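Novice: no FASTA, just this:
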């Protein structure tokens, strides 16, 4: 069965990236978000069934 992107997760990721581009840099917040996005990616790879399409 072919998989499809989860639109909710794509909208959330887009909003985070857009906010980072438009708002002034905040190193602590940017680093925290980067680690969170990385951890989320690892979780998706390790347990893909936790995020239904």
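Specialist: Right, received. Where do you want to start? Every value quoted in this text rests on a predicted model; they were computed, and no experiment measured them.

Novice: and residue 24, how close does it get to residue 51?
Specialist: 32 Å (C-beta to C-beta, to the nearest Å). (Glycine included, C-beta is placed from N, CA and C.)

Novice: comparing the two, which residue is more hemmed in?
Specialist: residue 51 (12 against 4; other C-beta atoms under 10 Å).

Novice: contacting residues for that one?
Specialist: By C-beta atoms under 8 Å, 6 or more residues apart in numbering, residue 51 lies in contact with 6, 9, 44.

Novice: how about a cut-off of 6 Å?
Specialist: Residues in contact with residue 51 (C-beta atoms under 6 Å, 6 or more residues apart in numbering) are residue 44.

Novice: please report the distance of it from residue 43.
Specialist: 8 Å.

Novice: confidence score at residue 12?
Specialist: Looking at residue 12, its pLDDT stands at 89.

Novice: tally of neighbours for it?
Specialist: By other C-beta under 10 Å, neighbour count at residue 12 equals 12.

Novice: okay, and it sits in which element?
Specialist: According to DSSP states H and E, residue 12 maps onto helix 7-22.

Novice: roughly how far apart are residue 26 and residue 40?
Specialist: Counting by C-beta to C-beta - residue 26 and residue 40 are separated by 20 Å.

Novice: burial check on the residue lying closest to residue 20 once chain neighbours are set aside, number of neighbours?
Specialist: With sequence-adjacent residues excluded and distances taken as C-beta to C-beta, 6 or more residues apart in numbering, residue 20 is closest to residue 30, at 6.4 Å. Residue crowding around residue 30 was assessed by other C-beta under 10 Å; the count is 12.

Novice: show residues contacting the one helix or strand residue 30 maps to.
Specialist: Here residue 30 sits within helix 27-46, counting by DSSP H and E. For helix 27-46, the surrounding residues in contact (C-beta under 6 Å, 6+ apart) are residue 51.
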